[in-house]
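S.K.: okay, sequence plus prediction incoming.
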Amino acid sequence: MIAQLVDQIESRFAEVSAAMSDPDVVGDRRRLADAGREFSRLEPAAKLADQWRRAVDDEAGARELLAEDEDPEARAMLERAREDIERLEEELRLAMVERDPADDKNVIVEIQGGAGGEEAGLWAGDLFRMLSRYAERCGFAVEVLEASEGKHTFAIKGDGAYSVLKFEGGTHRVQRVPATESQGRIHTSTATVAVLPEAEEVDIAIDPNDLQVDVYRSSGPGGQSVNTTDSAVRITHRPSGVVVSMQDEKSQLQNRDKAMRVLRARLLEQAVSAQQAELAADRRSQVGTGERSEKIRTYNFGERRVTDHRVKFTVHNLDAVLAGELDELTQALQSDEKRRRLEAQATAAQAPA
């Protein structure tokens, strides 16, 4: 079974490698980009396949030596080879797990203060800075779509952005002494994060007749007018009831464009959730109600620790995490996702036709 998988990996990787230097592919930007993504996806698996073959050769060599003479070094070599083969077989299975179809997409992130009043709004701002810095560290571009007190909507652009940021969707709980707390008491607050794969127009068809577009004058904190024209835009998608408002730009056209991007992302996620409920949680399950008892992750300032409750994984570098160093957490979550997908594939393969 593994030998067949190795053959398939090597064959496909050779095809993609050849395509990367094919003049017809090089001259076609879309085909070259597709080949590049496939090359990047297969390269780790191809390296594992090569290591597996060498481990199998080592095992065969050790067996031959032991057939001639019971040599302790040959016995140790055989044990090492067997351990390597077992480890590499597991890594190969995980490397070839089917990916989430949305993994290559850009994302739109919405952060909203939850339970905790003013402190929750401040925490939402901290999360915005954390995720923005993480995105930039990953080489992605960050585009702010809307920023107000306690609410942040922004796009993260880059190949594979969703594959990295999707694990941030949910309720983030913070335990700390707020700057406004005179008694030094620890408060627990939350902010909700929704991570939506950004939809292209070809991904989701929107009938203009289904849209109600309202324009109004944008305003700043406390209702203070910051614009003398009706540049703010509110778009309501009547069939789904989804409402998106944008007012940060001075141009009505720019606000409408941003609102449509967020609307498409929300509608795409709804469609995916309806079709594949077991693989993609809808926005409501990502966000929850924002209650303190709901959380995917807890940030404890007193103990300087961050715990992700989904994989029961804790790190003790709170400051680094808030500065955007989320790699350890993401890797733990990616490994968990691969294992769950592998189990689902195995179960589906064993199911009767």
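M.R.: The structure has been received and is ready for your questions.

S.K.: helices and strands around the strand of greatest length in the chain, which ones?
M.R.: Assignment by DSSP state E gives strand 187-197 as the longest strand of the chain. Contact partners of strand 187-197 among helices and strands, from 3 or more C-beta pairs under 8 Å, 6 or more residues apart in numbering; DSSP states H and E: strand 107-113, helix 118-137, helix 161-165, strand 170-176, helix 252-275, helix 283-287. Backbone N, C-alpha and C define where each C-beta goes, glycine included.

S.K.: what pairs with the following helix or strand past it, parallel or antiparallel?
M.R.: Elements were assigned by DSSP states H and E; along the chain past strand 187-197, the next helix or strand is strand 211-216. Strand 211-216 has the following strand partners under DSSP bridges: strand 232-237 (antiparallel).

S.K.: which one of the helices and strands packed on strand 187-197 lies closest to residue 319?
M.R.: helix 118-137 (10.8 Å; C-beta to C-beta).

S.K.: would you say residue 46 is within a helix?
M.R.: Yes. Counting by DSSP: H, G, I helix; E, B strand; the rest coil, residue 46 is found in a helix.

S.K.: thought residue 256 was touching residue 235?
M.R.: Yes. Using C-beta atoms under 8 Å, residue 256 is in contact with residue 235, at 7.3 Å.

S.K.: now do the shared contacts for these two.
M.R.: residue 213 (C-beta atoms under 8 Å, 6 or more residues apart in numbering).

S.K.: need phi/psi at residue 245.
M.R.: With angles defined as degrees, to the nearest 10, residue 245 sits at phi -120, psi 140.

S.K.: bridged to it, which residues?
M.R.: Applying DSSP bridges, one finds that residue 245 bridges with residue 234.

S.K.: most packed of the helices and strands packed on strand 187-197?
M.R.: Of all these, strand 107-113 has the most neighbours on average by mean count of other C-beta atoms under 10 Å, namely a mean of 25.

S.K.: what's the angle from that one to helix 118-137?
M.R.: Between strand 107-113 and helix 118-137, the angle comes out at 160 degrees (axes from the mean of the first three to the mean of the last three C-alpha atoms, to 10 degrees).

S.K.: what packs against strand 107-113?
M.R.: helix 118-137, strand 151-157, helix 161-165, strand 187-197, helix 252-275.

S.K.: name the residues that touch the third one?
M.R.: Read that as helix 161-165. Contact partners of helix 161-165, identified using C-beta under 8 Å, 6+ apart, comprise 99-100, 102-107, 109, 131, 134-135, 138, 140, 156, 195, 197, 330, 334.

S.K.: buried ones only from those residues, please, as a PyMOL command.
M.R.: Those of those that count as buried under 16 or more other C-beta atoms under 10 Å are selected in PyMOL with:
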select buried, resi 100+102+103+104+105+106+107+109+131+134+135+138+140+156+195+197+330
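
S.K.: okay, the helices and strands packed on strand 187-197 in JSON lines with mean pLDDT next?
M.R.: Listed next are the helices and strands packed on strand 187-197 as JSON lines, based on pLDDT from 0 to 100:
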{"stretch": "strand 107-113", "mean pLDDT": "93"}
{"stretch": "helix 118-137", "mean pLDDT": "94"}
{"stretch": "helix 161-165", "mean pLDDT": "92"}
{"stretch": "strand 170-176", "mean pLDDT": "95"}
{"stretch": "helix 252-275", "mean pLDDT": "85"}
{"stretch": "helix 283-287", "mean pLDDT": "53"}
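
S.K.: any idea of the pLDDT on the nearest residue to residue 262 once chain neighbours are set aside?
M.R.: Take residue 262 and drop its neighbours on the chain: the residue closest to it by C-beta to C-beta, 6 or more residues apart in numbering is residue 244, 4.8 Å away. Here the pLDDT value assigned to residue 244 is 92.

S.K.: in the stretch 101-250 of the chain, where is pLDDT below threshold?
M.R.: Scanning the stretch 101-250 of the chain for pLDDT under 70 picks out the ranges 201-203, 219-229.

S.K.: nearest to residue 304, of the helices and strands packed on strand 187-197?
M.R.: strand 170-176 (10.6 Å).

S.K.: the inter-axis angle of the closest one versus helix 118-137?
M.R.: Going by the same axes, to 10 degrees, strand 170-176 makes 120 degrees with helix 118-137.
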